[in-house]
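1. Turn this into a model:
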Amino acid sequence: LELRYDAHCINLTLLYGDATTSLESYRRDQHFLVDAWFLDGFSPKANAAMWQSTLFQQLALLSHADTTATTYSVAGGVREALSAAGFSWEKQPGFASKRHMLYATVTQAETKTVNPHTADLHERTVYIIGGGLAGCSTAYMLARSGWQVILIEREDELAAQASSNPQGVLHCKPATVDTPDNRFNLHAYLYAARFYRSLDLPASVWSACGMLQLAHDHKMAKRFNTFAQNAMYAPDIIRVLDSAQASALCQFQVKQAALYFPDAGWLSPVELCRFYCSHPAITVRYGLELCMLDQDKSGWELIMHAEHGEEFYHAAHVVLCNSADVHRFQQTGHIPVICNRGQIDIYEPTPATDVNMVICGQGYIIPALDGRQTIGGSFHIAADSMQILDSNSQLHLEQLGAINMDLANAMAAQPLLQQRSGTRCTMADRMPVVGEIDRKPGAGLWINVAHGSQGLARTPISAALLASSINQTPPPVSADLRTCIGPQ
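-> Numbering: from 1, shown residues only. Alright, predicted model coming up:
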């Protein structure tokens, strides 16, 4: 949850679970120190676990030399726990009906590291390699948290590769089992939906029109039934519909049961990237290609290939968001990204194909935008040829026919305006790779790649995670979810 007041940004991070365990997991692999603790865990008699000594030890480990702690409770056990954890306390006048409160400072703690917001201009500059969804979202998250961002794009425009489709779907594949990767996917989707709503994007960039996912086979229908019987998801996240309910919602006949995602919809990846990079703290350098990356004592030396020759840059932090090109560098060549080609077809719309939401089966159809309507749903490994493109276009119409034959026939009768294909990268486990390449203090090399076809859902939270790591602030996901997407 993000709250804004004028130019100031306050991030409210809610940890669901035991306080001691949650703070320990945060401390385990995300280095940040707390400036002030406010302890309000009900009274020690009513909630003894909130005041145990192990919790105060976690507070001390997450504190620096100037950290303060305050609490309304002046109970003897609270004072003893503060002292045992390394805090020095004193009684002060309380608030309202409370006679006293405790004010505590740290007696022994590590010196606070440099705050990115008060460092000099060089130390507050980040270089990001790649101008697609991953790179532009990372640039935006860092820029609005106080960094100067130099975004390097080898093409002459943003989102020129896999993010270049005129429309893309914000979607989620819900699971029947609770695993870290499934939780990450759901968390990413919900985060993205809230994030896009908060940006107040124009209707030409973001439409929260909702999405229907039809059960295209018996196995999927059985999975949908499991969702319904076990009430696994709140109805404002996912609703399980029978064919009649789904037909009424999308306003044409479908024969399958469906999942309805009320917060889903479509976005324009190209326009979204342009919106991100309109932030005044972001400078985009076009026509530069990173060809060498070397670490020195003060950061990273970057050698760029430009039209007129080589250019040299130096940075304390570098974020690689360059998809399959991570294989070109010694520091990231070990990451086994997998590349495949995806294709969409763009038709001239007609009232007969005027869907009111995103409809997905094995393929998908998106509501029309500016006289163009997109369908898709194919992937292939081989290089493009007219034979492959035409075969995929025929497959898209067949997939559309499985949703509704009248819809497919109406689309087939319209002019095919464009066949677009692009390379998307993913991993064998279908999870992205996000985090710091080298965990040594001050290394400063980061990565954000392999989002596959779920870039619109995954890049906001991945960018927020990187920003929190670089800023040394609380991350938006728990330790187990960070582990399942980390580069190590």
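2. switch to C-alpha atoms for all contacts and neighbour counts from now on
-> OK.
3. which regions of this structure lie under the pLDDT threshold?
-> Applying pLDDT under 70 to the chain flags residues 1-9, 29-30, 109-123, 382-383, 439, 441-442.
4. Most remote residue from the middle of it, which is it?
-> Distance from the centre of the chain peaks at Arg99, with 46.2 Å (C-alpha atoms, centre = their mean).
5. Quick check, that one in contact with Pro93.
-> Yes. Counting by C-alpha atoms under 8 Å, Pro93 is a contact partner of Arg99 at 6.0 Å.
6. Now do the SS call for Thr226.
-> Under DSSP: H, G, I helix; E, B strand; the rest coil, Thr226 falls in the helix class.
7. Look up the closest residue to it, ignoring the ones flanking it.
-> Distance criterion C-alpha to C-alpha, 6 or more residues apart in numbering; nearest residue to Thr226, sequence neighbours excluded, is Thr176 at 7.3 Å.
8. mind listing the strands in the stretch 51-200 of the chain by residue range?
-> 63-71, 87-93, 100-106, 125-129, 148-153, 168-170 (DSSP state E, counting those that start in this stretch).
9. how about TSV for these, with mean neighbour count and distance to Asp18 added?
-> Shown next, in TSV, are the strands of the stretch 51-200 of the chain (neighbours: other C-alpha atoms under 10 Å; distance: least, C-alpha to C-alpha, whole Å):
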stretch	mean neighbour count	distance to Asp18
strand 63-71	20	19
strand 87-93	17	22
strand 100-106	20	23
strand 125-129	25	36
strand 148-153	23	37
strand 168-170	25	32
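10. and Ala234, which of those strands is closest to it?
-> Nearest to Ala234, of all the strands of the stretch 51-200 of the chain, is strand 168-170, at 18.4 Å by C-alpha to C-alpha.
11. Residues in contact with that closest one: which ones?
-> With contact meaning C-alpha atoms under 8 Å, 6 or more residues apart in numbering, strand 168-170 is reached by 189, 193, 264-269, 358, 366, 454, 456-457.
12. Most widely separated two among those residues?
-> Spanning the widest gap among those are Tyr189 and Ile366, at 18.2 Å by C-alpha to C-alpha.
13. Name all residues that make contact with Ile237.
-> 261-263 are the contacts of Ile237 under C-alpha under 8 Å, 6+ apart.
14. Ile375 now?
-> Going by C-alpha under 8 Å, 6+ apart, Ile375 touches 344-346, 363-366, 396.
15. Looking at the residues you listed, spot the one nearest Ile10.
-> Within the contacts of Ile375, proximity to Ile10 (C-alpha to C-alpha) peaks at Ile366, which comes in at 35.3 Å.
16. thinking the closest one is in contact with Ile359, fair?
-> Yes. Using C-alpha under 8 Å, Ile366 is in contact with Ile359, at 6.8 Å.
17. Buried members of the contacts of Ile237 into PyMOL, please.
-> Here is the PyMOL command that selects the buried residues among those (16 or more other C-alpha atoms under 10 Å):
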select buried, resi 261+262+263
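18. With secondary structure and distance to Tyr26 as extra columns, can I get the contacts of Ile237 in JSON lines?
-> As requested, the contacts of Ile237 are exported to JSON lines (DSSP: H, G, I helix; E, B strand; the rest coil; distance: C-alpha to C-alpha, whole Å):
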{"residue": "Phe261", "secondary structure": "strand", "distance to Tyr26": "31"}
{"residue": "Pro262", "secondary structure": "coil", "distance to Tyr26": "32"}
{"residue": "Asp263", "secondary structure": "coil", "distance to Tyr26": "29"}
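19. Farthest pair within the contacts of Ile375?
-> Ile346 and Gly363, at 13.7 Å, using C-alpha to C-alpha across these.
20. So which residues of the stretch 351-488 of the chain form strands?
-> Secondary structure of the stretch 351-488 of the chain (DSSP E, counting those that start in this stretch): strands at 358-360, 364-365, 373-380, 416-426, 433-436, 445-449.
21. Tell me which residues touch the nearest residue to Thr138 once chain neighbours are set aside, please.
-> Leaving out its chain neighbours, the residue that sits closest to Thr138 by C-alpha to C-alpha, 6+ apart is Ala463, at 4.4 Å. Listed by C-alpha under 8 Å, 6+ apart, the contact set of Ala463 reads 134, 137-139, 141, 448.
22. now, which of the contacts of strand 168-170 lie within helices?
-> 189, 193, 269, 456-457 (DSSP state H).
23. Buried among those? Make that a ChimeraX selection.
-> Buried subset of these, written as a ChimeraX selection, criterion 16+ other C-alpha under 10 Å:
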select :189,193,269,456,457
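24. Turn the ones in helices among the contacts of strand 168-170 into TSV, including distance to Arg223.
-> As requested, the ones in helices among the contacts of strand 168-170 are arranged in TSV below (distance: C-alpha to C-alpha, whole Å):
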residue	distance to Arg223
Tyr189	19
Ala193	24
Pro269	31
Leu456	24
Ala457	22
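25. wait, isn't Phe87 in contact with Val106?
-> Yes. Counting by C-alpha under 8 Å, Val106 is a contact partner of Phe87 at 4.4 Å.
26. any residues in contact with both of those two?
-> Common neighbours of Phe87 and Val106, counting by C-alpha under 8 Å, 6+ apart, are Ala60.
27. circling back: mind putting the contacts of strand 168-170 in a markdown table, distance to Arg124 included?
-> Putting those into a markdown table (distance: C-alpha to C-alpha, whole Å) gives the following:
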| residue | distance to Arg124 |
| --- | --- |
| Tyr189 | 30 |
| Ala193 | 29 |
| Ala264 | 35 |
| Gly265 | 35 |
| Trp266 | 34 |
| Leu267 | 31 |
| Ser268 | 30 |
| Pro269 | 28 |
| Val358 | 41 |
| Ile366 | 41 |
| Gln454 | 30 |
| Leu456 | 27 |
| Ala457 | 28 |
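28. closest to Met232 among these?
-> Tyr189 (16.1 Å).
29. Can you tell me how far Gly132 is from Ala160?
-> Distance of Gly132 to Ala160, given as C-alpha to C-alpha, to the nearest Å: 7 Å.
30. Settle it for me: which of these two has more neighbours?
-> Neighbours per residue (other C-alpha atoms under 10 Å) separate Gly132 from Ala160, with Gly132 holding more: 27 against 17.
31. one step back: can you put the strands of the stretch 51-200 of the chain in CSV and add distance to Phe32?
-> Shown next, in CSV, are those (distance: least, C-alpha to C-alpha, whole Å):
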stretch, distance to Phe32
strand 63-71, 9
strand 87-93, 19
strand 100-106, 16
strand 125-129, 19
strand 148-153, 21
strand 168-170, 32
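32. ok, now which ones touch Pro180?
-> Contacts of Pro180 (C-alpha under 8 Å, 6+ apart): 480-481, 484.
33. can we see that at 6 Å?
-> Residues near Pro180 by C-alpha atoms under 6 Å, 6 or more residues apart in numbering: Leu481.
34. what's the burial count for Ala386?
-> One correction, residue 386 is Met, not Ala. Neighbour count of Met386, defined by other C-alpha under 10 Å: 9.
35. and it, how far is that from Gln213?
-> In terms of C-alpha to C-alpha, Met386 sits 30 Å off from Gln213.
36. How about His327, nearest residue that isn't a chain neighbour?
-> Closest residue to His327 apart from its sequence neighbours, by C-alpha to C-alpha, 6+ apart: Gly333 at 4.2 Å.
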